[in-house]
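Colleague: I'd like to go over a predicted model; first the sequence, then the structure.
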Amino acid sequence: MTKPKVFVTRIIRDAGLDLVREFCDAEIWQDDLPPTREVLLEKVRGLDGLLCLLTDRIDGEVLDVAGPQLKVVSNHAVGFDNIVVPDATARGIPVGNTPGILTDATADLAFALLLAAARRVSEAERYLRAGKWKTWSASMLLGVDLAGKTLGLVGFGRIGRAVAKRAAGFGLRVIYFSPNATPEFGATPVSSLDELLHQSDFVSVHTPLNQSTRQMVNAEFLAKMKPNAVFVNTSRGQVVDQEALYQALTSSQIFAAALDVTDPEPLPMTSPLLTLENCLIVPHIGSASEKTRDDMARLAANNLIAGLKGERLPHCINPEVYTDNK
C-alpha cells in the first residue's frame with residue numbers, strides 16, 4: 001500500500017517525527033532555517049499532507065500549488081497566525097494546532113521573565129561578568145517587589161489562567177481584561193483595558209494575534225501604564241509596537257520590559273531594544289522544555305495522520321470543514 005506523501009518543514013522531536021515516518025512517505029526539511037517561499041512552493045506540489053511551523057506562511061497560493069488532493073495541514077504550534085485559515089476552510093482542508101500542551105511551560109517562562117525583569121537579573125549578571133562588582137552596595141541594581149503588587153493579564157485563556165495560578169504564590173493581586181472569561185485562581189476581571197493599565201504594576205500579554213491585537217501595545221497603551229511598571233510579552237511579537245516600547249523604556253515611562261517574542265524573529269542585532277539594560281529579550285522559548293516539545297510534536301503528528309486517514313483531527317482550528325462536508 002502506498003504511503004501518503006507529506007512534507008515536514010523542519011526537524012521536530014522524534015516523539016512526533018517517528019510517527020510521521022512510520023505512517024507517511026515523509027520528506028523532512030533538514031536545514032536549521034525554514035524553507036524559503038520558493039522552496040516551500042516547490043516542496044508542497046502533490047502532497048497529501050503538510051506539517052508546518054509558525055515560521056511558514058500557509059495561504060491559498062500554497063494550498064493551490066499543493067493540489068486538490070491535499071487532505072490536511074498540521075501546525076506545530078498553538079498560535080496559527082502563520083496560516084490563512086479561511087483559505088484552507090474554503091478548500092475543505094482541516095487545519096490542526098497544538099493547544100493546551102504548552103500552557104504550563106509558557107506560563108513558567110512568562111513568570112520567569114516577570115521576575116527577571118523586576119529584579120534586574122539579566123542586567124545584574126552582565127554587571128558581574130563585566131567586572132563592575134567591586135563591593136556590596138545598598139543602592140546597587142535596585143528592582144521592584146512583587147508581594148502586594150498588582151499583576152494585570154491582557155487575555156485570560158489557558159496561559160493567562162496558568163500565570164494567575166503562579167502569581168498567587170507570590171502574593172500578587174491579579175486582575176485581567178478578557179471579555180467573557182470566567183474568573184479563576186482569585187483573579188478579578190476589570191471592565192476595560194484602560195482600567196487594567198492604570199492599576200497594574202506588572203502587565204503580561206496573553207492574546208492571540210489578530211487584527212484587533214496587532215500593535216495593540218502602542219504609545220497610547222504604554223503611556224497609561226505606571227512609571228514603575230514591568231511589561232511582559234509571551235504572545236506574539238506583532239502585538240507590540242517596538243518603537244513605542246523603545247521610547248517608553250528610554251524615557252523611563254515604564255520600569256522594564258521582558259519579551260519572549262519579537263517582530264521580526266529573529267530580532268536583528270541592530271534593533272535599538274538590544275541596547276537597553278532594562279529590556280530583557282529571549283529567543284521565543286516559551287514552549288522550550290523537553291516534555292512540552294515532545295508532546296507538541298506528538299500532537300502535530302497525530303493531527304496530520306488523522307487528516308490523512310480522513311478522520312477528525314484531535315485539535316482542529318476550523319471544525320466547520322466537517323460540517324460543510326456533511
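Modeller: Alright, I've got the coordinates.

Colleague: Where does pLDDT dip in the chain?
Modeller: The chain contains residues with pLDDT under 70 at 324-326.

Colleague: can you map out the helices along it?
Modeller: All helices of the chain, identified by DSSP state H, fall at 14-23, 37-43, 60-66, 85-90, 103-118, 121-129, 158-168, 193-199, 219-223, 242-250, 290-309, 320-324.

Colleague: do you know which of the ones you listed lies nearest residue 272?
Modeller: helix 242-250 (5.1 Å; C-beta to C-beta). The C-beta positions use only the backbone N, C-alpha and C, and glycine is treated the same way.

Colleague: Please identify the buried residues of the closest one?
Modeller: Using 16 or more other C-beta atoms under 10 Å as the test for burial, helix 242-250 gives 242, 244-246, 248-249.

Colleague: per-domain residue ranges of this protein.
Modeller: The record's domain parsing of the chain by automatic domain parsing lists 5-101+290-324, 103-281.

Colleague: Could you measure from the residue positioned nearest the centre of the chain over to residue 15?
Modeller: By C-alpha atoms, centre = their mean, the mean C-alpha position of the chain lies nearest to residue 235, the distance being 4.1 Å. Distance of residue 235 to residue 15, computed by C-beta to C-beta, to the nearest Å: 26 Å.

Colleague: Residue 143 too?
Modeller: Look at residue 143 and residue 15: by C-beta to C-beta, they are 39 Å apart.

Colleague: Same check on residue 321?
Modeller: Separation of residue 321 from residue 15 (C-beta to C-beta) stands at 27 Å.

Colleague: ok, now residue 185?
Modeller: 30 Å.

Colleague: Mind checking the helices of the chain for the one nearest to residue 212?
Modeller: When those are compared (using C-beta to C-beta), the closest one is helix 193-199, at 11.1 Å.

Colleague: buried residues in the closest one?
Modeller: Using 16+ other C-beta under 10 Å as the test for burial, helix 193-199 gives 193, 196-197, 199.

Colleague: repeat for stretch 121-140
Modeller: Buried residues in stretch 121-140 (16+ other C-beta under 10 Å): 121-124.

Colleague: With stretch 151-169 instead?
Modeller: Residues of stretch 151-169 classed as buried: 151-167 (neighbour count, 16+ other C-beta under 10 Å).

Colleague: just how off-centre is stretch 121-139 within its chain?
Modeller: The chain centroid and the centroid of stretch 121-139 are separated by 31 Å, computed with C-alpha atoms, centre = their mean, to the nearest Å.

Colleague: what's the span of that stretch, first residue to last?
Modeller: 15 Å (C-alpha to C-alpha, to the nearest Å).

Colleague: Give me the contact list for that stretch.
Modeller: Defining contact as C-beta atoms under 8 Å, 6 or more residues apart in numbering, one finds that stretch 121-139 is touched by 115-116, 141, 277-278, 280.

Colleague: CSV for the residues you listed, including distance to residue 316 and neighbour count?
Modeller: Shown next, in CSV, are these (distance: C-beta to C-beta, whole Å; neighbours: other C-beta atoms under 10 Å):
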residue, distance to residue 316, neighbour count
115, 36, 17
116, 36, 21
141, 48, 15
277, 45, 14
278, 42, 17
280, 36, 23
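
Colleague: CA atoms only for stretch 237-254, dumped as PDB, please.
Modeller: The C-alpha coordinates for stretch 237-254 follow below in PDB (Å, rounded to 0.1, in the frame of the first residue of the first chain):
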ATOM      1  CA  GLY A 237       5.900  39.900  18.600                       C
ATOM      2  CA  GLN A 238       3.500  41.800  16.300                       C
ATOM      3  CA  VAL A 239       1.300  42.600  19.300                       C
ATOM      4  CA  VAL A 240       3.800  45.300  20.300                       C
ATOM      5  CA  ASP A 241       4.900  48.500  18.500                       C
ATOM      6  CA  GLN A 242       8.600  48.000  19.300                       C
ATOM      7  CA  GLU A 243       9.500  51.700  18.500                       C
ATOM      8  CA  ALA A 244       6.900  52.800  21.100                       C
ATOM      9  CA  LEU A 245       8.300  50.300  23.600                       C
ATOM     10  CA  TYR A 246      11.800  51.600  23.000                       C
ATOM     11  CA  GLN A 247      10.700  55.200  23.600                       C
ATOM     12  CA  ALA A 248       8.800  54.100  26.800                       C
ATOM     13  CA  LEU A 249      11.900  52.300  28.200                       C
ATOM     14  CA  THR A 250      14.400  55.000  27.300                       C
ATOM     15  CA  SER A 251      12.200  57.800  28.800                       C
ATOM     16  CA  SER A 252      11.600  55.800  32.000                       C
ATOM     17  CA  GLN A 253       7.900  55.900  31.200                       C
ATOM     18  CA  ILE A 254       7.900  52.200  32.400                       C
END
